[in-house]
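Colleague: Let's see this in three dimensions:
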Amino acid sequence: MPAGAVWTSAKETAYVDFLVDHVAEAGNGGNFKMAMFQRAVSHLAPLIERGAVKTVKTCQNKWTAFCKINRIIRAIQSVSGWVWDNSTGG
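Modeller: Sure thing, here's the model as predicted:
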C-alpha cells in the first residue's frame, strides 16, 4: 500500500501562506479553482521529505478540512462567547 500524503505543520503553514498570498484569485466563499491547487502542488513539491507527493486532490481535501475547522470554530465562538487565539488555540 503506498504511503499517504504527510502534512507536517511546516507544510500546512506553507500551504496556507501560499493560498493567503493568492486569496484575490479565489472565488465566492474562498473557493479556489483547479489551476490554483495545481500551483500549490508545485509550490509544495520542494518541501516533500516523506509520504506521497501532494496532488491537486490532496490539496483540495486539505483546504476543505481547514475550511470545516474554521466554520466549527466560528460557530462555537458565536454561541458561547469562547475566544480563539491563533497563537495558543482555544
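Colleague: Could you use CA atoms for every contact and neighbour count after this?
Modeller: Will do.
Colleague: Any figure for the gap between the residue nearest the centre of the chain and Ser80?
Modeller: Residue closest to the mean C-alpha point of the chain, counted by C-alpha atoms, centre = their mean, is Trp63 at 3.9 Å. Distance, Trp63 to Ser80, using C-alpha to C-alpha, to the nearest Å: 26 Å.
Colleague: what do you get for Lys11?
Modeller: Noted for Lys11: a distance of 32 Å to Ser80, by C-alpha to C-alpha.
Colleague: how distant is the helix or strand hosting Leu19 from the center of its chain?
Modeller: Leu19 is located in helix 9-21, with elements delineated by DSSP states H and E. Offset of helix 9-21 from its chain centre (C-alpha atoms, centre = their mean, to the nearest Å): 7 Å.
Colleague: again, but for stretch 80-88
Modeller: With C-alpha atoms, centre = their mean, you get 19 Å for stretch 80-88.
Colleague: mind checking the longest helix of this structure?
Modeller: Assignment by DSSP state H gives helix 56-80 as the longest helix of the chain.
Colleague: neighbouring contacts of it?
Modeller: With C-alpha atoms under 8 Å, 6 or more residues apart in numbering as the test, helix 56-80 has contacts from Ala5, Met34, Phe37, Gln38, Ala40, Val41, Trp82, Val83, Trp84.
Colleague: Out of those residues, which sit inside helices?
Modeller: Those of the contacts of helix 56-80 lying in helices (DSSP H): Met34, Phe37, Gln38, Ala40, Val41.
Colleague: if I look at the spatially closest residue to the second one that is not a sequence neighbour, how far off is Arg74?
Modeller: Leaving aside its sequence neighbours, Phe37 sits nearest to Val56 (C-alpha to C-alpha, 6 or more residues apart in numbering; 5.4 Å). Using C-alpha to C-alpha, one gets 27 Å for the distance from Val56 to Arg74.
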